[in-house]
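J.: Make a model of this:
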Amino acid sequence: MGSISEVGRGLPERHVVLVAPEVHWNTGNIGRTCIAVDARLHLIKPLGFSLADRELKRAGLDYWPQVKLSVWESMADFLQSMAPDMQEVVLLTKNGRRSFREIPVKRRLFLIFGSETKGLPAAVVEQFPAALYHIPTSRAVRSLNLSTAVGIVLYESLRGFDPAHGW
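T.: Got it, this is the predicted structure:
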């Protein structure tokens, strides 16, 4: 795991990857959060909605055209094109071995989340067994809302960097 001093104070590169997202308003909210921290949003098909849905745009408000968006036909296409290093991949699943607070400090990270009802496909989990993290929750809930989980993990992954505040 890299330290903040090894990474430096420059701008980090963050990629939020949603594998087969199903709920348009979650994706819209996640897109807006990505804009807030200059992260790229990657959507892996199949999508449970149309990108033309007005609800998707409403959830992202008037920000949706600013989202740095890539849509991929498959996880294999995404991995081949983006070529993340094994240490740059973070999978979020409720069965992850480590807390999200242990995510490595890296200049470039790919934060990968599964769909709202199915989570991450087993093939993705099997490909990156050392990259499994979770957000601690009580047993009173099955999971957190996807857009909430992305916000928590994305901002935590930026800890130690000194991003500009626009206000």
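
J.: For residue 98, give me its contacts.
T.: Shown in contact with residue 98 (CB atoms under 8 Å, 6 or more residues apart in numbering): 132, 133, 134. Every C-beta, even on glycine, is put in place using the N, C-alpha and C of the backbone.

J.: How much space separates the last one from residue 124?
T.: What that stands for is residue 134. Using CB to CB, to the nearest Å, one gets 15 Å for the distance from residue 134 to residue 124.

J.: what do you get for the first one?
T.: In this structure, residue 132 lies at 10 Å from residue 124, with CB to CB as the measure.

J.: Find residues that contact each of these two.
T.: Between them, residue 132 and residue 124 share these contacting residues under CB under 8 Å, 6+ apart: residue 91.

J.: Compare these two (neighbour count), which wins?
T.: Comparing residue 132 with residue 124 by other CB atoms under 10 Å, the one with more neighbours is residue 124, at 20 against 16.

J.: quick check, distance from the longest helix along the chain to the centre of its chain.
T.: In the chain, ranked by residue count with DSSP state H as the criterion, the top helix is helix 24-37. Relative to the chain's own centre, helix 24-37 is displaced by 10 Å; criterion: CA atoms, centre = their mean, to the nearest Å.

J.: Helix or strand next in line after it, which one?
T.: Taking DSSP states H and E as the definition, the helix or strand that follows helix 24-37 towards the C-terminus is strand 40-44.

J.: Which strands or helices does that next one pack on?
T.: For strand 40-44, the elements it packs on are strand 13-19, helix 24-37, strand 68-72, helix 75-82, judged by 3 or more CB pairs under 8 Å, 6 or more residues apart in numbering; DSSP states H and E.

J.: Mind listing the strands the shortest one pairs with, and their directions?
T.: The pairing partners recorded for strand 68-72 under DSSP bridges are strand 40-44 (parallel).

J.: could I have the partner strand exported to CSV, CA atoms only?
T.: These are the backbone C-alpha positions of strand 40-44, laid out as CSV (Å, rounded to 0.1, in the frame of the first residue of the first chain):
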residue,chain,number,x,y,z
ARG,A,40,-14.7,9.1,-14.6
LEU,A,41,-17.9,7.0,-14.6
HIS,A,42,-17.8,3.7,-16.5
LEU,A,43,-21.0,1.7,-17.1
ILE,A,44,-20.7,-2.0,-17.9
